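> Model the following, please.
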Amino acid sequence: MHSYLITAAFVATGAWLWFGPDTAPIPLTERVVVDRSEVLPTTLRTPITGEPTILLQGSIAKGCMDCHVLWDSRDRQSTVLVQHKNVMLDHGENDNCMNCHDTDQRDKLILRGEQLIDFADSSQLCAQCHGPTWRDWQRGTHGRTNGYWDPTRGTQTRQMCVACHDPHHPAFPKLKLFPAPNTLRMGDPDAAHGEHELEGVLGRLRGVIDKQREEALKGREAAEAAAKEKLDAEYKRLGIEIGDKR
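Numbering: from 1, shown residues only. Model (predicted):
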């Protein structure tokens, strides 16, 4: 007998939840608008793919060896830089320029074993110390890929490490997170009206939300109409024609 009462109570509660009143307010967070500039398909940096150059006096382009051929480079950089003052070296224990740059050919990078590579191949240099991240980059789980998601429709381009990370201080600053998905705001893009057809409790929930949106929209429209009416009356009082408004 006791089990029947429990079953009946559950059935009654379920029926009340299904067919009960839908006047309870539904909390709905404010819609977060993401600026278009935050989702542009561009990289954070423009990596060097040719011969590195530096601008002297703001306009004269010089290659590395145009200057470094005049003197021998030190095995370790000076603590006070005379040139390249824009470089801030903060790369953990990698605190020596010559760990990456070749001493004799400054327009080249150097790998272990004294193998020289171009700046366009700098990701090989990153791989020497960042093995796990390099393997993730090769698989596509780290870094950025531009192009088509489906490679059968077009090309894909794996961006270099330095397209996002500054090689001299690669740590990223704190980034602003995008808002998480809100299923109450999602719709079916294939549907003509852009919304899911929901039944039962979820359908009623959608109806309550839509009603709240309609009421909020009507309130904004009424406020805008009242403001326009007041402004038009002021223009009329001042004798200003509509076409003369500035």
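> Alpha carbons of stretch 44-61, as CSV, please.
Coordinates of the C-alpha atoms in stretch 44-61 are reproduced here as CSV (Å, rounded to 0.1, in the frame of the first residue of the first chain):
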residue,chain,number,x,y,z
LEU,A,44,48.0,38.0,-33.6
ARG,A,45,51.4,38.7,-35.2
THR,A,46,52.9,38.8,-38.6
PRO,A,47,55.8,36.3,-38.6
ILE,A,48,59.1,37.0,-40.5
THR,A,49,59.3,34.7,-43.5
GLY,A,50,62.0,36.4,-45.5
GLU,A,51,65.2,38.2,-44.5
PRO,A,52,64.8,40.1,-41.2
THR,A,53,65.2,43.8,-41.5
ILE,A,54,65.3,46.7,-39.1
LEU,A,55,64.3,50.3,-39.9
LEU,A,56,67.0,52.9,-39.1
GLN,A,57,65.8,56.5,-38.5
GLY,A,58,62.3,55.2,-39.1
SER,A,59,62.7,54.7,-42.9
ILE,A,60,66.0,53.0,-43.9
ALA,A,61,65.6,49.2,-44.1
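> Just the buried positions in it, please.
Residues 47-48, 52 are the ones in stretch 44-61 that count as buried (16 or more other Cβ atoms under 10 Å). Placement of C-beta: from N, CA and C, glycine included.
> Just to be sure, which of these are found in helices?
Residues of the buried residues of stretch 44-61 located in helices (DSSP state H): none.
> quick check, nearest of these to residue 132?
residue 47 (21.8 Å; Cβ to Cβ).
> Return the residues in contact with the closest one.
Counting by Cβ atoms under 8 Å, 6 or more residues apart in numbering, residue 47 touches 119-120, 122, 160, 162-163.
> any idea whether residue 55 is helix, strand or coil?
For residue 55, the assignment made with DSSP: H, G, I helix; E, B strand; the rest coil gives strand.
> can I get the buried residues of stretch 44-61 in a markdown table with distance to residue 36 and pLDDT?
A markdown table is the format used below for the buried residues of stretch 44-61 (distance: Cβ to Cβ, whole Å; pLDDT from 0 to 100):
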| residue | distance to residue 36 | pLDDT |
| --- | --- | --- |
| 47 | 24 | 88 |
| 48 | 28 | 87 |
| 52 | 33 | 88 |
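> Could you export those residues as CSV, including distance to residue 173?
Output for those, formatted as CSV (distance: Cβ to Cβ, whole Å):
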residue, distance to residue 173
47, 19
48, 22
52, 25
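> what about stretch 134-143, start to end distance?
9 Å (Cα to Cα, to the nearest Å).
> now swap in stretch 38-51 and tell me
Span of stretch 38-51 from end to end, Cα to Cα: 31 Å.
> Find the residue ranges of this structure scoring beneath the pLDDT cut-off.
1-2, 4, 19-29, 181-209, 240-246 (pLDDT under 70).
> Work out the gap between stretch 160-170 and the centre of the chain.
16 Å (Cα atoms, centre = their mean, to the nearest Å).
> and if you look at stretch 224-240?
For stretch 224-240, the distance to the chain centre is 43 Å (Cα atoms, centre = their mean).
> Going forward, count from 799.
With the count now opening at 799, the last piece we talked about shows up as stretch 1022-1038.
> other SSEs contacting the longest helix along the chain?
Criterion DSSP H: the longest helix present in the chain is helix 998-1036. For helix 998-1036, the contact count by 3 or more Cβ pairs under 8 Å, 6 or more residues apart in numbering; DSSP states H and E identifies helix 800-817 as packing neighbours.
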